[in-house]
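Participant: Give me coordinates for this.
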Amino acid sequence: QVQLVESGGGLVQAGDSLRLSCAASGRTFTRYAMGWFRQAPGKEREFVVAINWSGDSTYSADSVKGRFTVSRANAKNTVYLQMNSLKPEDTAVYYCAADAIVARVRSTPSYWGQGTQVTVSS
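Facilitator: Purely as a prediction, here's the structure:
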């Protein structure tokens with residue numbers, strides 16, 4: 001079992017940057033691949049980015065490639081989502097996710113955080 005707590009959301013303007021953090025507790029952090037998903041109002045939750053346990057492989061949705069970067073600090077049990085050049089369509093609740101299998105963390109992860117709101121104004 002792993003518990004995930006997101007932080008760093010807020011209200012920003014288009015073109016701004018924001019960094020989200022996800023702190024993990026419970027079982028050994030390095031057992032898990034980590035991911036970020038988002039859900040906009042009236043839409044389904046969608047995959048954003050993922051990172052394997054060591055941090056040397058990352059995956060991104062086409063909609064955020066070149067703008068969003070995922071990283072992790074295993075010594076701090078934390079994963080980050082750096083979001084640059086934000087657009088109004090990035091407005092959503094952002095969720096941290098974890099799974100022991102990297103392929104699964106990109107689709108149906110076993111563990112979820114409660115989410116943090118990101119709002120991008122035009």
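Participant: quick one: the residue nearest to the spatial centre of the chain from residue 91, how far?
Facilitator: Nearest residue to the geometric centre of the chain (Cα atoms, centre = their mean): residue 36, 2.5 Å. Using Cβ to Cβ, to the nearest Å, one obtains 15 Å as the distance from residue 36 to residue 91. Placement of C-beta: from N, CA and C, glycine included.
Participant: which residues in this structure form helices?
Facilitator: Listed in chain order, the helices of the chain (DSSP state H) span 102-105.
Participant: mind listing the strands in it by residue range?
Facilitator: Assigned by DSSP state E, the chain shows strands spanning 2-7, 10-13, 18-26, 33-39, 46-51, 58-60, 68-73, 78-83, 92-99, 111-112, 116-121.
Participant: Would you convert the ones you listed into JSON lines that also reports distance to residue 105?
Facilitator: Listed next are the strands of the chain as JSON lines, based on distance: least, Cβ to Cβ, whole Å:
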{"stretch": "strand 2-7", "distance to residue 105": "12"}
{"stretch": "strand 10-13", "distance to residue 105": "25"}
{"stretch": "strand 18-26", "distance to residue 105": "12"}
{"stretch": "strand 33-39", "distance to residue 105": "4"}
{"stretch": "strand 46-51", "distance to residue 105": "5"}
{"stretch": "strand 58-60", "distance to residue 105": "9"}
{"stretch": "strand 68-73", "distance to residue 105": "11"}
{"stretch": "strand 78-83", "distance to residue 105": "11"}
{"stretch": "strand 92-99", "distance to residue 105": "4"}
{"stretch": "strand 111-112", "distance to residue 105": "9"}
{"stretch": "strand 116-121", "distance to residue 105": "18"}
